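S.K.: sequence? don't have it. structure:
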């Protein structure tokens, strides 16, 4: 009787193999964005926070067997959270890698916790950053395809003003009627 009770307590694995037992959803990243017009009008010293708008989106990195495999995006529509995109491996892997090396990146500038992390996108430039708001300054860490087009390097910590000054020059070359 005890042996049969033991086997009744063992849970059967899920039927779906989409999310095996080793799958985890990491803490989400709140997605913010800076629009083209705001970037074109950027004034050095302003920082990123005043330009950022809430995209009403969360990115959940999906981790399988310890490796970031993809992301699940949730979008807020009319006060309800609905599934958005599922996929987009490249940027989310870069963002997660940036977050893992954050203590090492912040050590030389003595910006310890507390700090706020968000995901910052500049859609018209196909630019993605990990945004770090410290007690004194704002920082951006590129996490995109071809950051060298803006003379930036993925995984490197920059002040927000340093990055936005560069990107503003690129944004000024884009005609508003050319944006999709």
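M.R.: Looks like it came in fine. As the structure is a computational prediction, the values presented were derived from the model and not from experiment.
S.K.: which residue packs closest to residue 157, ignoring adjacent ones?
M.R.: Leaving out its chain neighbours, the residue that sits closest to residue 157 by CB to CB, 6 or more residues apart in numbering is residue 105, at 4.3 Å. From N, CA and C alone the C-beta is placed, and that goes for glycine too.
S.K.: Can you report phi and psi for the one you found?
M.R.: Here is the backbone geometry of residue 105 (degrees, to the nearest 10): phi -70, psi -40.
S.K.: Show the pLDDT at it.
M.R.: At residue 105, the model reports a pLDDT of 84.
S.K.: going forward can the numbers begin at 184, since that is how I track them
M.R.: Done: numbering now begins at 184, and the last item shifts to residue 288.
S.K.: what sits against it?
M.R.: Contacts for residue 288 were tallied using CB atoms under 8 Å, 6 or more residues apart in numbering; they are 281, 324, 339-340.
S.K.: Not counting its neighbours along the chain, what's nearest the residue nearest the centre of the chain?
M.R.: Computing the C-alpha centroid of the chain and ranking residues by CA atoms, centre = their mean puts residue 302 first, at 3.4 Å. Excluding the flanking residues, the one nearest residue 302 by CB to CB, 6+ apart is residue 212, at 4.1 Å.
S.K.: related to what we said a few turns ago, mind telling me what element the residue nearest to the centre of the chain is part of?
M.R.: Using DSSP states H and E, residue 302 sits within strand 299-305.
S.K.: centre of the chain versus whichever helix or strand comes after that strand, how much separation?
M.R.: Using DSSP H and E, the helix or strand that follows strand 299-305 towards the C-terminus is strand 310-316. When distances are taken as CA atoms, centre = their mean, to the nearest Å, strand 310-316 is centred 7 Å away from the chain's centroid.
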